[in-house]
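*Asks:* Build me a structure from this.
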Amino acid sequence: MRMRRNRRLGIALVAATALILSACGSDDGDDGGEATETEPAAETEESMAPTDESMAPSEGGTSGGGEAVAAIQESGTLRVGIKYDQPLFGVNTPSGVVGFDAEIATAIAESLGVEPEFQEAVSANREPFLQEDQVDLVAATYTINEERDEVVDFAGPYYVAGQDIMVATGNPEGIEGIESLNTADLTTCTVEGSTSLENLNEMAPDADVLTFDTYSKCADAMRQGRAAAVTTDNVILIGLIDEAPDDFELIDNPFTEEPYGIGVQEGSDLRCYVNGVLQTMYDDGSWAEAYEATVGSAGVSTPEPPELNNEGC
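*Replies:* Next up, the predicted model:
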């Protein structure tokens, strides 16, 4: 499933990201004055060279003066929390982690000039991973919400999903939407620590709920007759259905919007840097290529990328 890397994320990505970060650091106010004293041709060639210096963000461009970005470049590794059993987004295979989230994280690592180091993250441990400095960022179908934004920061959003419902093929229980789950007569499975569970509890308070730490376990519970439905983001469910099309189907009646973000430590300058990488991927088409090679392989059409939240950048 892994796409062939788009090598436009070399010189072009580095240069565009540096420009975005420089714009974020307009408080310095020095760049415009000094540019006139430099030989234009020589400066252009030097600034486009993919060296460590050219990949570093401008001083004062983000909170912390670029310390997190510099530390990652010095370490040579970008530590990424990602799901290992999330079809189309993050799956651990013998050849490495593949999926849309893996492609995004790899592009960020490439722009920094380092290697990605993937660690398994489940829904419940994404904030602790960041707070305890076990990872530099989390790319794991991570919905941005106010509660999470109080303890971590988010780059993005880079995708917007919608919560939906997966049922057994043929929909034997006649489930039509979230209202159908609001009963003790049906068991609905979702994942601990997820916005999907929060939404289910709020919108179907009488539901009989079964929870696990991963959605693949929910799919297994449906096969075993222990659950009549699984609810989470539609693209997550599409991934499960893509792996077992004879077993499951999608109701296709989404009832929320779930903006996915890249989680970073609170106050980290990495947030604005990642937004710069995402914007470059939007502009040069590599975001769409990554989507088409992963989520698009399940027949999902490629959407327009969402507008980034650059507040504070």
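*Asks:* quick one: Cys313 and Cys272 touch, right?
*Replies:* Yes: using C-beta atoms under 8 Å, Cys313 is in contact with Cys272, at 3.9 Å. The C-beta positions use only the backbone N, C-alpha and C, and glycine is treated the same way.
*Asks:* which one of the two has more residues nearby?
*Replies:* Relative neighbour count places Cys272 above the other of Cys313 and Cys272, with 28 against 20, counting by other C-beta atoms under 10 Å.
*Asks:* What helix or strand is that one located in?
*Replies:* Secondary structure from DSSP states H and E places Cys272 in helix 270-284.
*Asks:* CA-only coordinates of that helix in CSV, if you can.
*Replies:* The C-alpha trace of helix 270-284 is given here as CSV (Å, rounded to 0.1, in the frame of the first residue of the first chain):
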residue,chain,number,x,y,z
LEU,A,270,6.8,22.0,15.9
ARG,A,271,3.2,22.8,15.4
CYS,A,272,3.8,25.8,13.1
TYR,A,273,6.6,23.8,11.3
VAL,A,274,4.2,21.0,10.6
ASN,A,275,1.6,23.4,9.3
GLY,A,276,4.2,24.6,6.8
VAL,A,277,4.9,21.1,5.6
LEU,A,278,1.1,20.4,5.2
GLN,A,279,0.6,23.6,3.3
THR,A,280,3.4,22.7,0.9
MET,A,281,1.8,19.2,0.5
TYR,A,282,-1.5,20.8,-0.4
ASP,A,283,0.1,23.2,-2.9
ASP,A,284,2.4,20.7,-4.7
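*Asks:* Pull out the buried residues from it.
*Replies:* Across helix 270-284, burial judged by 16 or more other C-beta atoms under 10 Å covers 270-282, 284.
*Asks:* Closest to Ile236 out of those residues?
*Replies:* Nearest to Ile236 among the buried residues of helix 270-284, counting by C-beta to C-beta, is Leu278 at 20.5 Å.
*Asks:* quick one: the closest one and Ala155 touch, right?
*Replies:* Yes: assessed by C-beta under 8 Å, Leu278 is found in contact with Ala155 at 6.7 Å.
*Asks:* what touches both of the two?
*Replies:* Common contact partners of Leu278 and Ala155 (C-beta atoms under 8 Å, 6 or more residues apart in numbering): Ile262, Leu308.
*Asks:* quick one, helices of the stretch 51-200 of the chain?
*Replies:* Ranges of helices in the stretch 51-200 of the chain, per DSSP state H, counting those that start in this stretch, are 52-55, 67-75, 100-112, 126-131, 146-149, 195-203.
*Asks:* Ile178 is nearest to which of those?
*Replies:* Across the helices of the stretch 51-200 of the chain, Ile178 has its closest neighbour in helix 195-203 (5.1 Å, C-beta to C-beta).
*Asks:* what helices or strands is the closest one leaning on?
*Replies:* With contacts defined as 3 or more C-beta pairs under 8 Å, 6 or more residues apart in numbering; DSSP states H and E, helix 195-203 has these neighbours: strand 163-168, strand 187-191, strand 208-212, strand 229-233.
*Asks:* Off-centre distance for that helix?
*Replies:* Computed by C-alpha atoms, centre = their mean, to the nearest Å, the separation of helix 195-203 from the middle of its chain amounts to 20 Å.
*Asks:* and the gap between Val235 and Ser216?
*Replies:* Distance of Val235 to Ser216, computed by C-beta to C-beta, to the nearest Å: 15 Å.
*Asks:* Low-confidence regions, the stretch 1-150 of the chain specifically.
*Replies:* The model of the stretch 1-150 of the chain has pLDDT under 70 over residues 1-65.
*Asks:* mind giving me the domain split of this protein?
*Replies:* Per automatic domain parsing, the structural domains of the chain span 7-158+260-298, 163-250.
*Asks:* okay, these in a markdown table with distance to Asn309 next?
*Replies:* As requested, the domains of the chain are exported to a markdown table (distance: least, C-beta to C-beta, whole Å):
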| stretch | distance to Asn309 |
| --- | --- |
| domain 7-158+260-298 | 7 |
| domain 163-250 | 17 |
